[in-house]
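Engineer: Mind looking at a prediction? Sequence and model below.
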Amino acid sequence: MKILVTGATGSIGRLVVDHLLAAGADDVRALTTNPSKAALPPSVEVAVGYVGDPQTLPEALKDVDRMYLAPVPETAKEAATLAAQSGVRHIVDLSGPEESWWHSVASGVEESGAEWTHLWPGEFMENSEIWADQIRNTGVVRDAYGEAANAMIAMSDVAAIAAESLLGDGHAGQSYLLTGPETLTLRQKVHRIGQALGREIPFVEISHEEAVEELTPAMGEYAQWYVDGYADLAKTPQPVSPTFEDVMARPATSFAQWANDHVHLFR
């Protein structure tokens with residue numbers, strides 16, 4: 001069974017490759033625009049291309065049975081349709097529920113005619129790196145909505161369930177809402193990063209406008225969108241979804257464990 005992983009240089013796609021190999025997959029093809037940057041293992045077949053440029057896909061799709069589709073909303077439907085026409089039987093996509101901007105990826109895959117599995121993750125734990133410069137340079141975190149809470153998930157866990165959905169049975173037609181194992185406030189996340197560093201990191205609550213200004217150097221145009229999202233989470237915290245543990249038969253990575261594993265980002 002040949003599996004194509006698109007976006008293999010990306011944060012999730014590269015991890016999907018690793019999880020597939022760890023699970024015993026022996027016929028993995030990785031699609032990337034930059035093979036040297038991807039640093040793929042020798043056992044992985046490399047194809048050059050990009051989901052956002054569908055004309056680069058036909059050669060990469062030859063003899064592929066299953067595919068992980070990286071999220072490029074503008075071309076997801078065309079890419080999925082090409083895959084189905086090439087004989088891909090099952091597409092696992094990274095997308096989002098109906099109310100999200102990413103849902104066009106899911107709907108495009110469904111319209112392709114191939115079997116599908118949708119992965120709908122919440123915020124990635126890796127987004128906490130937006131505080132890294134503040135922590136390294138000032139020893140404090142300045143942000144708005146300290147009591148806003150969600151259940152972040154580690155990228156590696158998203159990649160793990162992607163690999164399971166590609167290799168295992170019973171995943172076709174499933175939409176997996178993915179979170180981490182606990183709902184935490186911003187203050188609690190900062191506290192756990194401090195525990196990983198072995199010191200207290202004060203959380204200084206600032207206004208909505210100040211937070212946008214503070215985060216713009218790290219997030220650019222997305223700072224406004226990000227702070228707006230946390231304003232909503234201050235009113236309606238995100239609950240934990242049991243999906244990851246139900247599917248994988250193990251708990252998702254906790255934020256404390258993620259912080260310990262990535263403490264170098266904040267030193």
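Structural biologist: The structure has been received and is ready for your questions.
Engineer: is it true that P71 touches S100?
Structural biologist: No - in this structure, P71 is not within contact of S100 by Cβ atoms under 8 Å, at 10.6 Å. Just so you know, the C-beta spots here come from the backbone N, C-alpha and C atoms, and that holds for glycine as well.
Engineer: These two: which is more packed in?
Structural biologist: Shown here are P71 and S100; by other Cβ atoms under 10 Å, P71 has more neighbours (20 against 12).
Engineer: What residues does the more buried one make contact with?
Structural biologist: Neighbouring residues of P71 by Cβ atoms under 8 Å, 6 or more residues apart in numbering: D93, L94, S95, W102, V105.
Engineer: Return the residues in contact with the second one.
Structural biologist: Read it as L94. L94 touches I12, Y68, L69, A70, P71, W102, V105, L119, P121, V158, A162, counting by Cβ under 8 Å, 6+ apart.
Engineer: any idea how far K189 is from the fifth one?
Structural biologist: When Cβ to Cβ, to the nearest Å is applied, the distance between P71 and K189 equals 25 Å.
Engineer: do the same with G170
Structural biologist: With distances taken as Cβ to Cβ, G170 is found 34 Å from K189.
Engineer: Check A196 too.
Structural biologist: 11 Å.
Engineer: Next: V48.
Structural biologist: Note on V48: its distance to K189, by Cβ to Cβ, is 38 Å.
Engineer: of those two, who's got more company?
Structural biologist: Taking other Cβ under 10 Å, V48 and K189 do not tie; K189 has more neighbours (24 against 13).
Engineer: List the buried residues for the helix or strand hosting that one?
Structural biologist: K189 belongs to helix 186-197 when assigned by DSSP states H and E. By neighbour count with 16 or more other Cβ atoms under 10 Å, helix 186-197 contains the buried residues L186, R187, Q188, K189, V190, H191, R192, I193, G194, A196, L197.
Engineer: Might one say that K189 is in contact with E129?
Structural biologist: No - judged on Cβ under 8 Å, K189 makes no contact with E129 at a distance of 11.8 Å.
Engineer: check contacts around V141.
Structural biologist: Neighbour list for V141: W131, Q134, I135, V190, I201, P202, F203, V204 [criterion: Cβ under 8 Å, 6+ apart].
Engineer: element containing the fifth one, please.
Structural biologist: So that's I201. Per DSSP H and E, there is no helix or strand for I201.
Engineer: Number of residues surrounding it?
Structural biologist: 20.
Engineer: again, but for the last one
Structural biologist: In terms of burial, V204 registers 14 neighbours under the definition other Cβ under 10 Å.
Engineer: what's the distance between it and W120?
Structural biologist: 33 Å.
Engineer: Phi and psi next, for K37.
Structural biologist: Taking degrees, to the nearest 10, you get phi -70, psi -40 for the backbone angles of K37.
Engineer: Could you do W116 as well?
Structural biologist: According to degrees, to the nearest 10, W116 has phi -140, psi 160.
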